[in-house]
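[1] Attaching a predicted model along with its sequence, questions to come.
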2 protein chains.
Amino acid sequence: MSEVESFFKSAFSVDNVIFGFDGGDLKVLLIQRGAAPYKGKWALPGDLVYPNEDLDTAAERVLEQLTGLRGVYLEQVKAFGAVDRHPLGRVITIAYFSLIKISDYTVTPASFAQSAKWHAVNKVVELAFDHNEILDSCLRRLRRKVRMTPIGFELLPPKFTLTELQHLYEAILIQPKDKKGKNGNKGIDKRNFRKKILSTNLLHDLNEVQEGVAHRPAKLYQFDRSKYEQLVAEGYSFDI
Amino acid sequence: MSEVESFFKSAFSVDNVIFGFDGGDLKVLLIQRGAAPYKGKWALPGDLVYPNEDLDTAAERVLEQLTGLRGVYLEQVKAFGAVDRHPLGRVITIAYFSLIKISDYTVTPASFAQSAKWHAVNKVVELAFDHNEILDSCLRRLRRKVRMTPIGFELLPPKFTLTELQHLYEAILIQPKDKKGKNGNKGIDKRNFRKKILSTNLLHDLNEVQEGVAHRPAKLYQFDRSKYEQLVAEGYSFDI
DNA sequence: CAAGCTTATTGTTTTTTTTACACCAAACCC
DNA sequence: GGGTTTGGTGTAAAAAAAACAATAAGCTTG
């Protein structure tokens, strides 16, 4: 390792916690490492930052190389820099999380040989490096942020039902506390949730309904981003 | 610059926004740079991270070298890594903020030749590098955090009055919006503030009063940290 | 096509939290 | 002892949050 170490003295990287929602669980996109260290382990997608590249740009690049997506929600969380966090040298990493519509991600583009796969965040295994810790930080950040800003919609298709939206909030906010038995996590009250979310006036009723469901079809809504931005300019603050 | 540039390729630093409270204004401790770049400009205290030093440790070191203080409140905020943020090379910096009791900071210890000085956060001038942006981020973080966790007490002496505590919250939370004229920033209602803060039961009434004031002396209180930690263990969440 | 199944939709009441608001008390100064 | 200054207190109205259950709409099945 020593000749590697002398070459590879100090560097910085970005790691990206890419969240998605499949209607039931909150998921995170992980890659299986094809090379040492931690070969075979699941890890967050990430890369070293290029010498002339901003941190945000590097995070966008990692995201695009893996998913082909651009212009999606991306937020820096914090830096992780424990001396021994990387076995081959001093590498501090800047953690980001991004929110994508899971249906926009099809299969791994050709450019990435590694196998990438969605994992339910509640069932994530042991990851490479300090990536479990990074994931935890990003998840906590998401839990806080999703109640203060309307970023939840980034995880849903453009048209969605109120039930889907509620399930999204439940998947993000309700953590499995008690292992089993009667836990206090009842879920969100349906009537109160709908009342609250509709009272923001940020959902546009499309006058369309679901199709192909074996029960009463639900109405479809769309998030009205321009209205939100206008309200923010007037001092409005989203809060769910 | 080119020979410097080739030597000084890429590095990381920490910068520390050290907050204090003098009874009236929220302050930040700045140093005046004694060397290029930005010689003579005010800047946040910071330093390069040593090769075998954790990021948190580096931030603690910067704080201790400047103030002589250890074991004070310190929190990482985020990384700043624009390509051109440092004129001499690629340096990304990890921003921290810390909260100290302003009376614990006497004068610059001998180890630091630079002149360090408290500046009211509302009147901070143009700083070196991207330090204004870093300060803004840390201030926003403090504003959010001070309402969610009882960190405000870190800025007050061990014994304080409710009026002092209220002034602290006002100094942190009320931002001077409208330049002049009738702004909407009325300040916090005294009765409601006292009701709310006392209802947490986290303030211990010391049965002592102020001395040497030319008016009715106020009662002194102390923050009960052990009670807070016990309540947190039971699921309590501070909220002001 | 009727009965049954599944999910969607809706309103009221109670409780809790937040806001608004004004007067007397205590110490010092002169 | 009267004036000045800051400390300390309660109540009522408004707003927000929480608790709670019956009917509606479409599909499936017999």
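    It's in. A quick note: this is a predicted structure, and the numbers were derived from the prediction, not measured.

[2] So the residue lying closest to A:Gly46 once chain neighbours are set aside: helix, strand or coil?
    Spatial nearest neighbour of A:Gly46, chain neighbours left out: A:Asp15 (3.6 Å); criterion: CB to CB, 6 or more residues apart in numbering or on different chains. C-betas here are computed from N, CA, C, even on glycine. The three-state assignment at A:Asp15 reads strand, by DSSP: H, G, I helix; E, B strand; the rest coil.

[3] A:Asp15 pairs with what?
    A:Gly46, A:Ala95 (DSSP bridges).

[4] quick one: the helices in chain A?
    A:2-7, A:55-67, A:131-148, A:162-173, A:190-199, A:225-233 (DSSP state H).

[5] does the second one come close to chain B?
    The reference is to helix A:55-67. Yes - contact between helix A:55-67 and chain B, assessed by CB under 8 Å from any CB of the partner chain, occurs at A:Leu55.

[6] Single out the most deeply packed of the helices of chain A.
    helix A:55-67 (a mean of 20; mean count of other CB atoms under 10 Å in any protein chain shown).

[7] what's around A:Ser13, how many residues?
    Using other CB atoms under 10 Å in any protein chain shown, A:Ser13 has 19 other residues around it.

[8] residues of stretch A:19-30 that come out buried?
    By neighbour count on 16 or more other CB atoms under 10 Å in any protein chain shown, the buried set for stretch A:19-30 is A:19-21, A:25-30.

[9] Likewise for stretch A:68-75?
    So, applying 16+ other CB under 10 Å, buried residues of stretch A:68-75: A:72, A:74-75.

[10] Take those and keep only those in strands.
    Mapping the buried residues of stretch A:68-75 onto strands (DSSP state E) picks out A:74-75.

[11] hmm, back to that, would you agree the residue nearest to A:Gly46 is in contact with A:Leu44?
    Yes - A:Asp15 is within contact range of A:Leu44, at 4.4 Å (criterion: CB atoms under 8 Å).

[12] and of the helices of chain A, who's closest to DNA strand D?
    helix A:190-199 (3.6 Å; CB to the nearest atom of the strand).

[13] List the contacts of A:Tyr73.
    Each residue near A:Tyr73 by CB atoms under 8 Å, 6 or more residues apart in numbering or on different chains is listed here: A:98-100, A:151, A:154.

[14] Roughly how far does A:Leu30 sit from B:Tyr221?
    Remark: distance between A:Leu30 and B:Tyr221 (CB to CB, to the nearest Å) = 49 Å.

[15] Over to A:His86?
    47 Å.

[16] if we can go back for a sec, so which of the buried residues of stretch A:19-30 comes closest to A:Phe129?
    Of all the buried residues of stretch A:19-30, A:Leu30 has the smallest distance to A:Phe129: 12.2 Å, by CB to CB.

[17] Tabulate the buried residues of stretch A:68-75 (TSV), appending distance to A:Leu127 and pLDDT.
    Converted to TSV, the buried residues of stretch A:68-75 look like this (distance: CB to CB, whole Å; pLDDT from 0 to 100):
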residue	distance to A:Leu127	pLDDT
A:Val72	22	97
A:Leu74	20	98
A:Glu75	20	98
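
[18] out of the buried residues of stretch A:68-75, who's nearest chain B?
    A:Glu75 (9.8 Å; CB to the nearest CB).
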